[in-house]
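>>> Structure of the sequence below:
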Amino acid sequence: MSRAASRFLAPHLVGLVIAFLAAVAAGGELDPTFARRLAEGDPDGFFPAVVMLSAQVDLAGLDRALDAGNAPRALRHRLVIEALRAMADATQPDVRQELRDLERRGEVRNVSGLWIVNALLLEARPAALAWIAAHDGVAVVHDGDVAMGPPPPLNATPGEPFLDAPTPGLVLIKADKLWAAGITGTGSVVANIDTGVDASHPALQTRWRGNTVPAARAWFDPVSHTLTPTDPPYPMGGHGTHTMGTMCGDDGLGKQIGVAPGATWIAVGLGNPMVMPSQMMQYFLQSLQWIADPDGWAGTVADAPDVVSNSWGFTPGYPPFGVPSCDQTLWAAIDACEAAGVAVVFAAGNFQTPTPGQFSIPADRVTSPTNAFSIGAVNPDGQTVASFSAVGPSPCDNRTIKPEVVAPGVQVESSLPGGLYSKQDGTSMATPHVAGAIALLRQVNPDISATRVKEILMETATDLGLTGEDNSSGHGLIDLEAALSKVRSERGTVQVSLVTTTPTVKRPGLVWLHLSATNFTTQAQTVIFQLDLLVSGKPFANLIPPIAPVLPAGFSLARGPATILLPAPVNVPGTLIGAPLTFRATLRQNQQEISRADAVVTLQ
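I've put the predicted structure just below:
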């Protein structure tokens, strides 16, 4: 979408934000664990904190609306990012103004704002944090002072000569079957949040996105602020280079280590896991914000990754060396990334002797069947779960089955800094297999939602162990060949999208609809298109009579939808006020409906 088009639509995002505004509370609280720590700490000390404001975008509602309209990823990305930014811009200044007095008195310092969630990052003394928590515009104040690092790989064998091509795990999940069909991840972007990446490694150097765009759009280091990718040498680092290699590594000379060798990569580097700083909760929020929109402009989507792999997790415990199970500090940021189109996956965790419910955080989350999407590890036989892989159920409710799926995680061969290769064990090694799988599937359907692509991986996984979903292997070992078949089947030949940026309209006013269609085939397609209005789910009026456009092969309006402006009816029965008005776009071929998209508007 052009910058001009983005400016043209921007005024109507105010309505979108208002419509999807979460309930505002009157006065918040200190997170109980944080309150305990403050009570035990130095009353004159400064404690890093994450201040969540009460006003938040209703991401679940916005996501449902975008799903109903088959929103193409470019439009989804723009609308979600703009809504998040608009919320922060509208509500943070008032709170920041009231904090300035505390800053002048030396009670608060280092204040900065986030938009991925409507939150402030700061450091403050305990009394000041108690005052902030009670502020009308604040929901909760979380501890930002948590130390952690990616879990160290198990049974690592660094610096050995490369042995296998492609590596056995890639064959086990049938990535090679997709390569044979020309699906290598071309056009997809993968990302990780990890120790960093050695961008000069032969298996990775040609596909760093920073080779063709400014480095700041392809590398983010919130800790040391390095300008280009780096990763400490093994054993103090190398974790991120290894996981990135499993996602997309290939030196072009036979060393095939990556699931999606045609994809490009970007990364967040947090440095040496042995000496990582304590403010990791703040750094992870900043990292997820960058991942959602690396170039800082919502009108572009090519910069944003299709998937971000997270081979890390907080240890269950007490800050600053862990967090309580089901800690919610990162949840909204994860949801925002996914609503904007970035699939987020997490390692389940490694434990010497896994016990039921012992799970990394936030991989233990169970607010939906796909969040958090946790990955366990299987042995090279592809039949048995690795001895160290975390097992469910989730400690959040002691009932929900975990993990979601499993992937190869034992003796996984991949890259290390300095041009080396290494076989390593861990759910950290399993997770990038799944991330790479998503990159392959998104080459086939770039507009598939983050939720749906993860559901398909679960639905098509090969069942292991006990019949059905279980607390060792989840839905089973991912099967890319079966997943590809389902993605293609659901994508169909042609897809229509219809999204509104005015879900609530005051009369008189205009209803803004954004229409697009995509022909996924290599042949021109003639379709029958029409636009109808439904009231409370029942047909009310035909707005655009059936027409028969011919869509050329590969045709798509996904990056620049057509805009339809309709005047909101003024003289309407009172029963229509507040009732859902559904604008429905349909496509037909051979008298069969092949695609439908709904945009729901409420009159005031």
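>>> Am I right that E455 is in a strand?
No: with DSSP: H, G, I helix; E, B strand; the rest coil as the criterion, E455 is helix rather than part of a strand.
>>> Look up how far S449 lies from it.
Counting by Cβ to Cβ, to the nearest Å, the separation of E455 from S449 is 9 Å. (C-beta placed from N, C-alpha, C; glycine too.)
>>> cool, R209 as well?
Here R209 is placed at a distance of 23 Å from S449 (Cβ to Cβ).
>>> The two: who's more crowded?
Higher neighbour count among R209 and S449: R209, with 23 against 20, using other Cβ atoms under 10 Å.
>>> tell me how far the longest helix anywhere in the chain is from the chain's mean position?
Among the segments of the chain that qualify as a helix by DSSP state H, the longest is helix 73-104. The gap between where helix 73-104 is centred and where its chain is centred comes out at 20 Å by Cα atoms, centre = their mean, to the nearest Å.
>>> Beyond that helix, next helix or strand please.
Counting by DSSP states H and E, the element after helix 73-104 in chain order, helix or strand, is strand 108-114.
>>> List the buried residues for that following strand?
Within strand 108-114, the residues that qualify as buried are 108, 111, 113-114, counting by 16 or more other Cβ atoms under 10 Å.
>>> and the angle from it to helix 73-104?
Here the directions of strand 108-114 and helix 73-104 differ by 170 degrees (axes from the mean of the first three to the mean of the last three Cα atoms, to 10 degrees).
>>> Need the contact partners of the following helix or strand past strand 108-114.
Of the helices and strands lying after strand 108-114 in sequence (DSSP H and E), the nearest is strand 119-124. Contacts of strand 119-124 from elsewhere in the structure, counted by Cβ atoms under 8 Å, 6 or more residues apart in numbering, are 46-53, 92, 95-96, 99, 102, 107-114, 132, 144, 282, 285-286.
>>> Run through the strands of the stretch 451-600 of the chain in chain order.
Per DSSP state E, counting those that start in this stretch, the stretch 451-600 of the chain has strands spanning 494-500, 504-505, 510-519, 525-526, 528-535, 538-547, 550-551, 562-567, 580-589, 592-603. These are given in chain order.
>>> Partner strands of the fifth one, with direction?
Spelled out, it's strand 528-535. Partners of strand 528-535 in the sheet, by DSSP bridges, are strand 538-547 (antiparallel), strand 580-589 (antiparallel).
>>> Can you give the contact residues for that strand?
496, 498, 515, 517, 539-549, 564, 576, 579-589.
>>> Now do that strand: distance to the chain's middle.
Distance, stretch centre to chain centre, for strand 528-535: 33 Å (Cα atoms, centre = their mean).
>>> Next: the first one.
The gap between the average C-alpha position of strand 494-500 and the chain average comes to 22 Å, counting by Cα atoms, centre = their mean.
>>> Can you name every helix or strand that whichever strand or helix holds A65 contacts?
When secondary structure is defined by DSSP H and E, A65 falls within helix 59-68. With contacts defined as 3 or more Cβ pairs under 8 Å, 6 or more residues apart in numbering; DSSP states H and E, the packing partners of helix 59-68 are helix 73-104, helix 331-339, strand 494-500, strand 592-603.
>>> What residues of the longest one count as buried?
Applying a neighbour-count criterion of 16+ other Cβ under 10 Å, the buried positions in helix 73-104 are 73-88, 91-92, 95, 99, 102-103.
>>> in terms of contact, does P380 touch A386 like I think?
No: when contacts are counted by Cβ atoms under 8 Å, P380 is not listed as touching A386 (9.6 Å).
>>> Pull up the overlap in contacts between these two.
In terms of Cβ under 8 Å, 6+ apart, P380 and A386 are both contacted by the residues V410.
>>> my guess is A292 contacts V342, does it?
Yes: in this structure, A292 sits in contact with V342. The criterion is Cβ under 8 Å, and the distance is 6.1 Å.
>>> Contact partners for S394?
By Cβ under 8 Å, 6+ apart, the contact set of S394 is 326, 357, 359, 364-366, 400-402.
>>> could the residues you listed go into CSV alongside pLDDT, distance to D250 and neighbour count?
Formatted as CSV, the entries for the contacts of S394 read as follows, by pLDDT from 0 to 100; distance: Cβ to Cβ, whole Å; neighbours: other Cβ atoms under 10 Å:
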residue, pLDDT, distance to D250, neighbour count
C326, 93, 38, 18
G357, 89, 38, 19
F359, 94, 33, 29
D364, 97, 34, 30
R365, 97, 33, 24
V366, 96, 36, 19
T400, 97, 37, 16
I401, 97, 35, 19
K402, 97, 32, 28
